[in-house]
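Chemist: Model the following, please.
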Amino acid sequence: MANIIDYARQATDSFAQRPLCRVDSLCLSWLAYLRYLATLGADSFEGVRLADLADPALLPLELSSLHDTERSEQLVRAVAASPRFGEVRAYLHASESDEEEGKQFSATAFRLPDGLGTYVAYRGTDDSLVGWKENFRLACATAVPAQRRALSYLDQLAYVVDGPLWAGGHSKGGNLAEYACRMATDEVRERIVACYTHDGPGFRAEVRADEGWHDDVPVHKTVPRAALVGMLFERSQQGITVVRSSAAGVMQHAPLSWEVGGTDFVCEQGMDYDAWKLAQRLNDWLCDMSAERCERFAELLGWLVDVTAEPSFSSLLRRWSTNRNAMRAALAAAPADDRALFEQTMDDLVATVLLGSRQEHGITDDDTPAAAASAAARKIEDLSARANDHLAKLERLTGGR
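Modeler: Presented below is the predicted three-dimensional model:
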């Protein structure tokens, strides 16, 4: 089945003829993972044409540390040769990592030809451990450094460029894009045509309750059928587009597996029900924790990662057996309060995933009308998710699209 590589190869119409769409957004979001070399000038206002990214001498460096290097190279070559993408310019690229602050941030602006506007692509999590530790903190109430930087980047860019704005990203990048767009000033939001979050996590209620948060931004969210990351803090599939993927399970998070038909994604009736249930149980586990406990747990996770002294997340996984033993030894020697908090939180996670949450079983200490309404809404969402799953399976059996 076709994917975004095939789309880039076949798209010959210009952005003037057909406006930027969500498949274009995913293509540019994946290009945000590239390592833009200083010699290319992508960090300047002039920028670099996408047609110039396929230089054989530079490609290996641009693709270093990317997931699925082979297909990523195919995508770069496809957009470089594309009549639609070739004259797009990557510019004002920023890439920042701060171990002390706990920040991993990168964004690339893409200037559309003929003055049609700018698409801002936020990079998802890279292979750095600082990026993964920041991900742990995304589950907590307050904004993380990368989210605040995403907002300042959008504000600064809007000040120096004219025309319409789009923003988007994959995974954490989608979360950063949505945060920046929803927290932007009135003047900036008026210029935002659309925000695209591709399997990006949602936000805790405390973040959405911020006085700077706005719901008037056109946000388009896409997730695969077995979504997990993109359904964190999402309690409904309403308003979310479910995309068909050629991969299985958690590997569906990889956007190069998302299927494309013509100029749009091949969409499903709804998520896989088992994946939906798992996401809701994780949401219950996260939401049952206070912000203080969540932040402390995230700090402990980050500390255990540091104990391994690994230079990257991939190296942590490659030597997992040795690193796991090192983390166990460190936890055993940790203060009793820290050890108890970590072990109790992990026990709660296992019990919630395997047995279900208190909310799922209707156990609550709150007997107010609001709590009863919330429980009823939860049951309706669950029935809807089950029905959508059955419809999606039936559609597949009958050969429907």
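
Chemist: For the stretch 51-200 of the chain, just list every one of the helices.
Modeler: Taking DSSP state H, counting those that start in this stretch as the criterion, the stretch 51-200 of the chain contains helices spanning 59-62, 69-81, 129-138, 145-160, 172-183, 186-189.

Chemist: So which elements touch the fourth one?
Modeler: What that stands for is helix 145-160. strand 89-98, strand 103-111, strand 118-122, strand 165-170, helix 172-183, helix 186-189 (3 or more Cβ pairs under 8 Å, 6 or more residues apart in numbering; DSSP states H and E). Just so you know, the C-beta spots here come from the backbone N, C-alpha and C atoms, and that holds for glycine as well.

Chemist: Which of the helices of the stretch 51-200 of the chain sits closest to residue 380?
Modeler: Ranking the helices of the stretch 51-200 of the chain by proximity to residue 380 (Cβ to Cβ) places helix 172-183 first, at 25.2 Å.

Chemist: I'd like to check the angle between the closest one and strand 165-170, please.
Modeler: Orientation check (axes from the mean of the first three to the mean of the last three Cα atoms, to 10 degrees): helix 172-183 against strand 165-170 gives 150 degrees.

Chemist: Just give me how far helix 172-183 sits from the chain centre.
Modeler: Offset of helix 172-183 from its chain centre (Cα atoms, centre = their mean, to the nearest Å): 9 Å.

Chemist: Just give me the neighbour total for the closest residue to residue 82 other than its chain neighbours.
Modeler: Among residues not flanking residue 82 along the chain, residue 8 sits closest, at 5.2 Å (Cβ to Cβ, 6 or more residues apart in numbering). Residues lying near residue 8 (other Cβ atoms under 10 Å) number 25.

Chemist: now residue 151
Modeler: The number of residues near residue 151, taken as other Cβ under 10 Å, comes to 21.

Chemist: how near is it to residue 384?
Modeler: Distance, residue 151 to residue 384, using Cβ to Cβ, to the nearest Å: 34 Å.

Chemist: Find the residue ranges of the stretch 251-400 of the chain scoring beneath the pLDDT cut-off.
Modeler: The model of the stretch 251-400 of the chain has pLDDT under 70 over residues 365-367, 371, 400.

Chemist: Okay, strands next: where are they in it?
Modeler: 260-261, 264-265 (DSSP state E, counting those that start in this stretch).

Chemist: Please report how far the closest residue in space to residue 97 that isn't next to it in sequence lies from residue 57.
Modeler: Nearest residue to residue 97, sequence neighbours excluded (Cβ to Cβ, 6+ apart): residue 104, at 5.2 Å. If you measure residue 104 against residue 57 using Cβ to Cβ, the figure is 28 Å.

Chemist: Name the residue in those two with the higher neighbour count.
Modeler: More crowded of residue 104 and residue 57, by other Cβ under 10 Å: residue 104, with 28 against 6.

Chemist: The more buried one and residue 128 touch, don't they?
Modeler: Yes. With contacts counted by Cβ atoms under 8 Å, residue 104 reaches residue 128, the gap being 5.6 Å.

Chemist: okay, and the common contacts of these two?
Modeler: Taking Cβ atoms under 8 Å, 6 or more residues apart in numbering as the criterion, residue 104 and residue 128 both touch residue 97.

Chemist: Reformat the helices and strands packed on helix 145-160 as CSV; add mean pLDDT and distance to residue 247.
Modeler: Output for those, formatted as CSV (pLDDT from 0 to 100; distance: least, Cβ to Cβ, whole Å):
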stretch, mean pLDDT, distance to residue 247
strand 89-98, 94, 27
strand 103-111, 95, 25
strand 118-122, 98, 22
strand 165-170, 98, 14
helix 172-183, 98, 18
helix 186-189, 98, 35
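
Chemist: Quick one, which of those gets closest to residue 278.
Modeler: helix 172-183 (19.3 Å).

Chemist: What is that closest one packed up against?
Modeler: Applying 3+ Cβ pairs under 8 Å, 6+ apart, we find helix 172-183 packed against strand 118-122, helix 129-138, helix 145-160, strand 165-170, strand 192-198, strand 219-224.

Chemist: Try it again at 7 Å.
Modeler: Counting contacts by 3 or more Cβ pairs under 7 Å, 6 or more residues apart in numbering; DSSP states H and E, helix 172-183 is packed against strand 118-122, helix 145-160, strand 165-170, strand 192-198.

Chemist: what's the most buried one of the ones you listed?
Modeler: strand 165-170 (a mean of 30; mean count of other Cβ atoms under 10 Å).

Chemist: Just give the strands next to it in its sheet, each with its orientation.
Modeler: Using DSSP bridges, the strands paired with strand 165-170 in its sheet are strand 118-122 (parallel), strand 192-198 (parallel).

Chemist: got those as JSON lines, with distance to residue 390 columns?
Modeler: Listed next are these as JSON lines, based on distance: least, Cβ to Cβ, whole Å:
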{"stretch": "strand 118-122", "distance to residue 390": "36"}
{"stretch": "strand 192-198", "distance to residue 390": "26"}
